[in-house]
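Q: let's see this in three dimensions:
(4 chains)
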Number of protein chains: 4
Amino acid sequence: MSFPESSSRPYEECGVFGVWGVPNAAALTALGLHALQHRGQEAAGIVSFDGDTFHQHKALGLVGDVFGNQDVIAGLPGEAAIGHNRYGTTGGSHVRNVQPIYADYAFGGLAVAHNGNLTNAATLRKALVKRGCIFHSTMDTEVIVHLVAISLYDTVIERLMDAAKKIKGAYSLITLTPDDGMLGMRDPLGVRPLVLGRMPGHEDKQGGWVLASETCALDIIGADYVRDIEPGEIVVINADGVKSLWPFGDVGRRFCIFEYIYFARPDSVLEGQSVYEVRTRIGGELARESGVDADVVVPVPDSGVPSAIGYAHESGLPYEMGIVRNHYVGRTFIQPTDQVRNLGVKMKHSANKAVLEGRRVILVDDSIVRGTTSRKIVDMVRAAGAKEVHMRITSPPTKHPCFYGIDTPSEKHLLAARHSLEEMCKAINADSLAFISFDGLYRALGHQGRPVENHTNCDACFSGDYPITLVDKDGNLIQQ
Amino acid sequence: MSFPESSSRPYEECGVFGVWGVPNAAALTALGLHALQHRGQEAAGIVSFDGDTFHQHKALGLVGDVFGNQDVIAGLPGEAAIGHNRYGTTGGSHVRNVQPIYADYAFGGLAVAHNGNLTNAATLRKALVKRGCIFHSTMDTEVIVHLVAISLYDTVIERLMDAAKKIKGAYSLITLTPDDGMLGMRDPLGVRPLVLGRMPGHEDKQGGWVLASETCALDIIGADYVRDIEPGEIVVINADGVKSLWPFGDVGRRFCIFEYIYFARPDSVLEGQSVYEVRTRIGGELARESGVDADVVVPVPDSGVPSAIGYAHESGLPYEMGIVRNHYVGRTFIQPTDQVRNLGVKMKHSANKAVLEGRRVILVDDSIVRGTTSRKIVDMVRAAGAKEVHMRITSPPTKHPCFYGIDTPSEKHLLAARHSLEEMCKAINADSLAFISFDGLYRALGHQGRPVENHTNCDACFSGDYPITLVDKDGNLIQQ
Amino acid sequence: MSFPESSSRPYEECGVFGVWGVPNAAALTALGLHALQHRGQEAAGIVSFDGDTFHQHKALGLVGDVFGNQDVIAGLPGEAAIGHNRYGTTGGSHVRNVQPIYADYAFGGLAVAHNGNLTNAATLRKALVKRGCIFHSTMDTEVIVHLVAISLYDTVIERLMDAAKKIKGAYSLITLTPDDGMLGMRDPLGVRPLVLGRMPGHEDKQGGWVLASETCALDIIGADYVRDIEPGEIVVINADGVKSLWPFGDVGRRFCIFEYIYFARPDSVLEGQSVYEVRTRIGGELARESGVDADVVVPVPDSGVPSAIGYAHESGLPYEMGIVRNHYVGRTFIQPTDQVRNLGVKMKHSANKAVLEGRRVILVDDSIVRGTTSRKIVDMVRAAGAKEVHMRITSPPTKHPCFYGIDTPSEKHLLAARHSLEEMCKAINADSLAFISFDGLYRALGHQGRPVENHTNCDACFSGDYPITLVDKDGNLIQQ
Amino acid sequence: MSFPESSSRPYEECGVFGVWGVPNAAALTALGLHALQHRGQEAAGIVSFDGDTFHQHKALGLVGDVFGNQDVIAGLPGEAAIGHNRYGTTGGSHVRNVQPIYADYAFGGLAVAHNGNLTNAATLRKALVKRGCIFHSTMDTEVIVHLVAISLYDTVIERLMDAAKKIKGAYSLITLTPDDGMLGMRDPLGVRPLVLGRMPGHEDKQGGWVLASETCALDIIGADYVRDIEPGEIVVINADGVKSLWPFGDVGRRFCIFEYIYFARPDSVLEGQSVYEVRTRIGGELARESGVDADVVVPVPDSGVPSAIGYAHESGLPYEMGIVRNHYVGRTFIQPTDQVRNLGVKMKHSANKAVLEGRRVILVDDSIVRGTTSRKIVDMVRAAGAKEVHMRITSPPTKHPCFYGIDTPSEKHLLAARHSLEEMCKAINADSLAFISFDGLYRALGHQGRPVENHTNCDACFSGDYPITLVDKDGNLIQQ
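A: You can find the predicted model right below:
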């Protein structure tokens, strides 16, 4: 009778953040995680290092709830800290699955925070358990921690590089070590994001360094953006500055295109592109590709807002707030039987009759997953008096699950995997339905269209073209 | 070192909601309160009546946290329930100050939920305590509860009317009684809002009735809007339908104009006017009154959004999301010393450089209170590269405190109370500053301008024209 | 499936404590309440006064849990404090029913802690509610608070004396006032206990004063016992010392005899008699009155221990720990179906086979209430191999409920109310059963036997001779 | 300013319990742990197995608090369960250190509960960490869990025997496996206790099996005592009954003598001897060895009670409750500065003046550790008016720390390690002081005196004769 409301974002991922060489590193990390809250709302954790000892605090809840307490921050002293936001998985939420993971090794301690997904985690885990390793969580991150533990190399950096060569997947990693400082690492193809920032110096004290999933986390603490960590790069950050290691060689670059469409915050800049601008340009492309005669352009908030603005600019139609979002949604809510139709969607969205009544409405949304939410939104807009509802989607049809760190339903639950455009339009009860084309999407990114060779991005969820081997899946160790 | 973040809304009031004659009344009330969450985030309470016994649950927290638990709702049986959202006062938050209040009388029980403020509460309280009444909270509502208790009339309705004649102020009241059903009441001038809705019937069961602060709370549960409760009207809702009582006679109508500007949700309709439309019209008036050469119109979210859209339409300038709001703000947050400038505002707002850099920006916001937040926002926008920042405010200057239920700073903290327009512009570091004129504001409401006689609304916070006697203040029982 | 274990003491009342004129009064009060924990385990509360303001903290739980926190005590500053332990009622435990009660009056604040029971509380409450008083708890104490509020006298002492003349019952009362200091009061017949103690002075600072239900609470804080408050006496304690008021005149003295038998701690001295010595003398009387040929004397711990020692001394039989008590009993416990016989009693008591096997056992217990626990204990002792079990009870048969502050079952649940000695013996499965005689009991108190006139104690639960009018009961306002 | 009160027992160890083949195994385990609560009050945990899946719940607190909730027990389904009580260590209490430990292996899951101490835990841990094992707790138990994981044997029983051969120490172990049932194991010398019991069958269902630290835990659930597990024995309990394995061969038998003196519950039978009878016999030996002219024998409760009874019987002096124990002691308590002398001891014990005043008192206690508590008790007894105080101790002087599972202070804190009998007597302010002799102690156990060869018990804490190699200590891996 109760259902998860806050975790009803259709896609979920994580956020990572780290600070090195700045007083009150844990307080800054809490702020950084707060700015990355959209990447994970279920749990948050911070590990700090005070030059001698590691300290940690991890709990279920929003960053502000977990770290909003002065005493908690005071218990995390030191000028180095890393943190993690976890997204909400359905079912068993346990604190033991909250990152960062901290482990004591023979050579010292190590803390690891990780965003993404290993495609051979189950395979590696099976082998490690066979060898006698004891796992305490179900997280991919723990696989890395054990690989570091059993590596035959001497130093933590060598051990981490050794482990990196064994794992496959799409990930960004931040680790904290007692002797080598803070390490950042992006997967060989750079599917998941990681940026480097610098805190301004203070009097005669030099500024420290920051690593974060997105630039919006640099902005909140006043750090300057330096550059994106490169695909396959390991950065070692300590008193000697930033040193780069390249364990993998150059194997290409395939940044996740869905970060632009949905995941990242609009004020972030990823791989040199403003997320906001990409979205408004997608809106413009959509208007050109599949314009329709209508009275008003209405975004499905929040992700649809910039694209709807772009669509309205391009089409000359007025942009209006036809759907209002309630941001006070808690974890769960009661459903009072069938009395209240479409309650789930109404908990978050409500129709603004003044805008919709008697109008032909263009709705702009980021994607269609199962189609159930889209249907409820269209129904709600119609119930508020809209004459026509035209749905415009800022991504190509989502036909394939992501194995690279974004939590999507399996293929059989994806509406686009099994239905034609017409069937989908009917299923969501719209008067018309259009998705952005692959070429339109890539144009919005500054390309001529989707590259035929030398792919620049991962668009596997739309194309099925998976750039990283799916070891566990092909070995039937996971089912989707 | 920690400061209240979620209660940093510049103004605060409360929300009330009630259901009569519908199964699972408490669950519906929880939903209604959720839709009214913007009116109060600190605490929530529900009292239900099952035909025999009253049940209550009240706690600090968001509605979803307090009532998201199936067991809590199951403990509130019955087909009648009333509820209340409390705003966050600074300092001592205590559960004993959470509404609704329930009291056992010689004639039976009574539950009361109340939005607004009595202007003679302190005076009445002093007299009641002298008489031997013992107060258990610091709420105005308890004054009413005691007045009902000591009334010499027999029935609860007569006693409530007796009490109503003794209190002065601006309020909406919902009460639940065992024998007479649910009562709703609006103050003689109708300063605070209260609307009546009806739940659709079910099979052979007739539909029940709903009272709410705003229509958006009717929408979420699928209730139909019937009408606004009239100023000075008491409605008695029970199996006989809705009966009206008029204890005060006609003394005019002065609905709070600030509900349109800031407080109500944009998808609500109050006194026959769509809040969203009033706000977009205010934006249009502002553009006509104080247009300025610029590149982009940017709202300060969320309240500035509709007005910015209206301003952009009227001016022909592009509307852009130049400021992004973080909605995951928890109760409090740590401030890591001075390292992070303007942290307070950054917890909620971040600048979107892609929109602001090199541009002449028109910012649209609802009001200026102390000026500190406005200054921080202007600074943040400049730091993101804006060439010029022109602030446009959708209300006249806020020069006077509200004594009618909206929690405002006292006069000495109101920037506009002591400074000229030029001084204010300088204080907030803007290139230009303009407020909507009184006439412009009233035009947006459909008038020719501000009525010279026969005032239609309360605009005391701008004009100082207080329509209800300030008994406690004039008796020096309260200081502002 | 779960049942209350900690409240399974057959009888329950409360404990009160107060300190005036000593630094850290609240910390001392917490210690005093800890020493009185046996009088009430469900909840604890303290109100302190710092010369200017009252402070309070009340919560469900043991004293050590509620006040074991440094911060809690730090929040209760001042050199005056009063506190209260509440016993565990079945069913609705609410913090609002925890004492002391604090009320704001026109003439200032007043805190009240109260042990005992008013026999006209329901009657008074009905009249007060009719008058318009609003009650927030179901406690007798609140009746007194309202009577003080509506009294027409001027000073708090006069008002309290006015209230005292209206209430009937058995009670000890401690109140704290801003201007008059700490007041202590015992009911006209002195049924419930209250003692006065003095803290030793410190350097040039004079010692303060202490009021407590029992002397054991003086001992723990190192206070010297001064005297018992007299029946019907009010003591006013402040900088002028201790002043006595006598609102009632001399109406006799009827101290509760059951405090000696069961309720008070053995190391307390009440009305000049050591509780431990009274109990050992009762054991001796029992041995003389109803000796039996046996091998060993075994107490049912803890209350039976001193009497069993007295019995063993008198009879020359060895005293042995044949029943071991588990003191770690929490609030509730799970019952794993019928697998475990007599689980309830086993949670608290276990049989010591080494003592019982093959022996003829004399069990010494304080009373038989429903008989179910006695039966389980006898069965447990038999199951451990006892050849014979002879039950000796240190009170006369409990035939009548107490209306004077001890929570007993109603008459229909009292085994002795409806059964002969033989029937009772059979019901509890004993080989023989004997109760102390009335004369034996009074001899143990130093009398010749039970006084025919000029009764010295209340023994209504055994004799049915109720010395205080049962107003509510006779008016059918309460049912037992 | 606050100090740990409940952990002020001078010695601490743990309790283990397991059930196999009985419905509601977890509920029975909770009861068994409750009966073993005296062995550990800080935390409790249960792991159950339902034939398919393991379930666990562990938390800080008393058994009744942790498992008194129906829902918690319902979450632990199955006919097999093991549980653990942990004693209170000073400093860092963490749930991650609560047993049982559960681990997933390549061959299936395994749960382990463990009472005792490994003398080579630090040495083994160092080697395991070097090998790449990652520890998540600081418990000895986790060493065993890793040894099982890395064993090269195939079956869990072989792996456990392999691990058993690598560990040194004094321990009792209960493990739960999916395929092999429940395993119990006692260290080669049987220093720590473990008994086997059987639940009576039910209708046509055969009874299951129980393992427990003491027989009192069999009694509470109505299980019959079968036998003690032998030193060095592993029992494998499943549908085939009970099978014994002997990995170590016969190396002697050295059951901890201090279990009789202090640790075990008096109603338990260990290695064929009633703990109660051993204690009363020790009291008798003490009276014979070091009788003194006095008026009364008073136990220091609770451990001194049986010995004081034995002493009184032997000496002909009266046994009296001269010290009353307060059993409601919570975790911590506030110390209101120096006002209250000897508060720590008064929280638990109070003097009964009626018994002590003007008397020559023999106090019977189990041991003297630091001497501070003994001093406070003697002072308290003197302050209550005792003319003479003669301390009689039921153990030889405690001169050496225990490395076998009982938490004792290090040698430098043991009064007897550095002082003569005369110095000790003076230190605790007694008129005379005597300890039981080694021979007297062993006579109470049924021997002629302390065996010169073929030692039967471990008495290292008195004699310094450590029967198990202290690997970590000698390798300087631990300091005492």
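Q: let me see the ranges of the strands in the stretch 101-250 of chain A.
A: Taking DSSP state E, counting those that start in this stretch as the criterion, the stretch 101-250 of chain A contains strands spanning A:101-105, A:108-118, A:169-177, A:181-186, A:195-198, A:209-212, A:224-228, A:234-238, A:241-245.
Q: tell me the most buried of the ones you listed?
A: strand A:209-212 (a mean of 29; mean count of other C-beta atoms under 10 Å in any protein chain shown). Bear in mind the C-beta positions are built from the backbone N, C-alpha and C, glycine included.
Q: still on that earlier bit, the strands of the stretch 101-250 of chain A: which one's closest to chain D?
A: Smallest distance to chain D across the strands of the stretch 101-250 of chain A (C-beta to the nearest C-beta): 4.9 Å, for strand A:101-105.
Q: once you drop chain neighbours, what's closest to the closest residue to chain B within the stretch 151-300 of chain A?
A: Residue nearest to chain B within the stretch 151-300 of chain A: residue A:274 (3.5 Å; C-beta to the nearest C-beta). In space, and not counting its chain neighbours, residue A:274 is closest to residue B:354: 3.5 Å by C-beta to C-beta, 6 or more residues apart in numbering or on different chains.
Q: any chance you could list what contacts the helix or strand containing that neighbour?
A: Using DSSP states H and E, residue B:354 falls within helix B:353-356. Here helix B:353-356 makes contact (C-beta atoms under 8 Å, 6 or more residues apart in numbering or on different chains) with A:267, A:269, A:274, A:276-277, B:296, B:298, B:320-322, B:381, B:384-386.
Q: most neighbours, which of the residues you listed?
A: Neighbour counts for those were taken using other C-beta atoms under 10 Å in any protein chain shown; the highest belongs to residue B:298, which has 31 neighbours.
Q: these two touch, right, it and residue B:308?
A: Yes. Counting by C-beta atoms under 8 Å, residue B:308 is a contact partner of residue B:298 at 6.7 Å.
Q: mind listing the shared neighbours of the two?
A: Common neighbours of residue B:298 and residue B:308, counting by C-beta under 8 Å, 6+ apart, are B:319, B:364.
Q: separation between the residue of the stretch 151-300 of chain A closest to chain B and residue B:388?
A: 21 Å (C-beta to C-beta, to the nearest Å).
Q: over to residue A:14?
A: 39 Å.
Q: more neighbours: which of these two?
A: Using other C-beta under 10 Å, the more surrounded residue of residue A:14 and residue B:388 is residue A:14, with 26 against 17.
Q: residues in contact with the more buried one?
A: Contacts of residue A:14 (C-beta under 8 Å, 6+ apart): A:39, A:40, A:84, A:85, A:86, A:87, A:99, A:114, A:115, A:116, A:213, A:405.
Q: now do the contacts for the last one.
A: By C-beta under 8 Å, 6+ apart, the residues touching residue A:405 are A:13, A:14, A:115, A:116, A:117, A:169, A:170, A:171, A:191, A:192, A:256.
Q: partners of the third one in the sheet?
A: When you say that, I think you mean residue A:115. Counting by DSSP bridges, residue A:115 forms beta bridges with residue A:172.
Q: list the contacts of it.
A: A:13, A:14, A:15, A:16, A:39, A:84, A:171, A:172, A:173, A:192, A:213, A:405.
Q: how far away is the residue in chain A that chain C sits nearest to from residue A:30?
A: The nearest approach of chain A to chain C comes at residue A:71, 11.4 Å away (C-beta to the nearest C-beta). From residue A:71 over to residue A:30 the distance is 13 Å, taken as C-beta to C-beta.
Q: of those two, who's got more company?
A: Per other C-beta under 10 Å, whichever of residue A:71 and residue A:30 has more neighbours is residue A:30, with 28 against 6.
Q: wait, is that one part of a helix?
A: Yes. Counting by DSSP: H, G, I helix; E, B strand; the rest coil, one finds residue A:30 located in a helix.
Q: what about it, distance to residue A:24?
A: Distance of residue A:30 to residue A:24, computed by C-beta to C-beta: 10 Å.
Q: which elements pack onto the top helix by length along chain A?
A: Taking DSSP state H as the criterion, chain A has its longest helix at helix A:275-290. Packing partners of helix A:275-290 (3 or more C-beta pairs under 8 Å, 6 or more residues apart in numbering or on different chains; DSSP states H and E): helix A:305-315, strand A:388-393, strand A:432-435, helix A:438-444, helix B:353-356.
Q: packing partners of the third one?
A: Under the contact criterion of 3+ C-beta pairs under 8 Å, 6+ apart, the helices and strands touching strand A:432-435 comprise helix A:275-290, strand A:388-393, helix A:421-427.
Q: only alpha carbons, please: show the shortest one as CSV.
A: As requested, the backbone C-alpha atoms of strand A:388-393 are provided in CSV (Å, rounded to 0.1, in the frame of the first residue of the first chain):
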residue,chain,number,x,y,z
GLU,A,388,-4.5,18.1,-27.8
VAL,A,389,-1.3,16.6,-26.3
HIS,A,390,1.8,16.2,-28.4
MET,A,391,4.7,14.5,-26.7
ARG,A,392,8.2,15.4,-27.7
ILE,A,393,11.1,13.4,-26.3
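Q: may I see the buried residues of the next helix-or-strand element following it?
A: Using DSSP H and E, the helix or strand that follows strand A:388-393 in sequence is helix A:415-418. Buried residues in helix A:415-418, defined by neighbour count with 16 or more other C-beta atoms under 10 Å in any protein chain shown: A:415, A:416, A:417.
Q: check stretch A:451-467 too.
A: A:455, A:456, A:457, A:458, A:459, A:460, A:461, A:462, A:466, A:467.
Q: what of stretch A:310-325?
A: Using 16+ other C-beta under 10 Å as the test for burial, stretch A:310-325 gives A:310-315, A:317-325.
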